[in-house]
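Chemist: predicted structure and sequence below. I'll ask about it afterward.
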Amino acid sequence: MTAQSPRRFDRAARRAAALVIALGLDWQLRELPTPVHPVGLVGRAARALRRHAPRQPGARLRFGMVAPAAVHALAGLGGLAVERVARRLPFVPGVVLEGSALSTTFALRGLLDRAHEVESLLEAGDLEEARAAVGRHLVSRDTTALDAAQVAGATIESVAENLSDGVLAPLFAYALGGLPAALAYRSANTFDSLWGYRSPELLELGRHSARLDDALNLLPSRLSALALVIATLLRRGPRDARRALDVWVDQGDFTPSPNAGQPMGAMAGALGVELTKPDAYHLGAGWPPPAPEDIRRARGLALIAALLVAGAVTSLLARGAIGPRPTGARP
């Protein structure tokens, strides 16, 4: 054993413990109020920058690259500051501090709770409120004219896509780059959710944010799909898992986004339902439309997939097999 081994073990143990704490906090506690939540702060910055963006197309395009990059850098620096403080504290308070900050990048419990809310409203026959809930919490499309099956489908699509965006992507960012990478990723994803639309106003302003988010989610989206296939195998058996794999491979590129269709295709195959957005895509075309009970099944598969990946990443972190090796911090 070399002289560096105890220090490397301590760093690995801290990072693994911080991840466990972060996931536990995300599951047990409500989210911080929006005004003080890091994602809320980034959202406020994005809205303020949008108001002050130049009007000329060329200048707007450059502003849309530089301004978000500055916010992402600030988010990463904030994560670095917290990480440095945490590494200088004793083990328990240090990992609690780092885990608490990391928990703000995850949205698993909130995602599943909001999907369950829509499921309950549909089961109660309150279509109007279900439309409002899915539009308020889960999707950006107009939901006022959706029927019950379309509301259920939009909810399932959001569960699948946000398994990647709101859980696995920040998890992998933390695993590979620590807290600075996780917070910077969350900043980039937030800008994409607010600026990444092909409307006349945002076409130039949000172009770089959309492309950056696409690049950052290329791997997490596909790993999310794979995790859903494995979760389907464990929960529903090889036939449904094979169907999930087939739809993912054959139809994962059917959506306009290069990433959204990956976990959505796997989920459509796992459930044996058609997920569709008019004039955009059809995944599992010809299968039955989704019902409220399919939301429940989607929630269960997403939870198993998240736990599988979190367990694997935590194990790798604990062994020091992945992640950065910080310098300048004492054990």
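Modeler: Nice, thanks for sending it over. Numbers count the residues shown, from 1 in each chain.
Chemist: would you map the helices across this protein?
Modeler: Using DSSP state H, the helices found in the chain span residues 5-28, 38-51, 57-88, 91-103, 108-123, 127-137, 148-163, 169-195, 207-216, 218-236, 238-251, 261-271, 292-318.
Chemist: out of the ones you listed, which is the most enclosed?
Modeler: For these, ranked by mean neighbour count under the definition mean count of other CB atoms under 10 Å, the leader is helix 261-271 at a mean of 31. C-beta here means a position set from N, CA and C on the backbone, and glycine is covered the same way.
Chemist: CSV please, covering the helices of the chain and showing mean pLDDT and distance to residue 280.
Modeler: CSV is the format used below for the helices of the chain (pLDDT from 0 to 100; distance: least, CB to CB, whole Å):
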stretch, mean pLDDT, distance to residue 280
helix 5-28, 85, 31
helix 38-51, 92, 25
helix 57-88, 96, 24
helix 91-103, 95, 34
helix 108-123, 96, 20
helix 127-137, 95, 16
helix 148-163, 96, 11
helix 169-195, 96, 18
helix 207-216, 96, 16
helix 218-236, 97, 17
helix 238-251, 97, 13
helix 261-271, 97, 10
helix 292-318, 97, 19
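Chemist: closest one to residue 278 among those helices?
Modeler: Within those, the stretch nearest residue 278 is helix 148-163; the backing value is 8.6 Å (CB to CB).
Chemist: what angle do the closest one and helix 108-123 make?
Modeler: Helix 148-163 runs at 180 degrees relative to helix 108-123, counting by axes from the mean of the first three to the mean of the last three CA atoms, to 10 degrees.
Chemist: return the alpha-carbon coordinates of helix 148-163 using CSV.
Modeler: Taking only C-alpha atoms (Å, rounded to 0.1, in the frame of the first residue of the first chain), the coordinates of helix 148-163 have been written out as CSV:
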residue,chain,number,x,y,z
ALA,A,148,-57.1,11.5,-20.9
ALA,A,149,-54.9,9.2,-22.9
GLN,A,150,-52.8,12.1,-24.2
VAL,A,151,-52.4,13.5,-20.6
ALA,A,152,-51.3,10.1,-19.4
GLY,A,153,-48.9,9.8,-22.4
ALA,A,154,-47.4,13.2,-21.8
THR,A,155,-46.8,12.3,-18.1
ILE,A,156,-45.1,9.0,-19.0
GLU,A,157,-42.9,10.8,-21.5
SER,A,158,-41.9,13.3,-18.9
VAL,A,159,-41.0,10.6,-16.4
ALA,A,160,-38.8,8.9,-19.0
GLU,A,161,-37.1,12.0,-20.3
ASN,A,162,-36.6,13.5,-16.8
LEU,A,163,-35.1,10.3,-15.5
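Chemist: elements contacting that helix?
Modeler: Helices and strands in packing contact with helix 148-163 are listed as helix 108-123, helix 127-137, helix 218-236, helix 261-271, strand 275-277, helix 292-318; criterion 3 or more CB pairs under 8 Å, 6 or more residues apart in numbering; DSSP states H and E.
Chemist: elements contacting the longest one?
Modeler: Spelled out, that is helix 292-318. Under the contact rule (3+ CB pairs under 8 Å, 6+ apart), helix 292-318 is packed against helix 5-28, helix 108-123, helix 148-163, helix 169-195, helix 218-236, helix 261-271.
Chemist: just put those helices in CSV and tack on distance to residue 288.
Modeler: Below are the helices and strands packed on helix 292-318 laid out as CSV (distance: least, CB to CB, whole Å):
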stretch, distance to residue 288
helix 5-28, 32
helix 108-123, 15
helix 148-163, 9
helix 169-195, 31
helix 218-236, 16
helix 261-271, 9
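Chemist: minimum distance to residue 37: which of those helices has it?
Modeler: helix 169-195 (10.1 Å).
Chemist: ok, residue 283 to residue 236 distance?
Modeler: According to CB to CB, to the nearest Å, residue 283 stands 18 Å off from residue 236.
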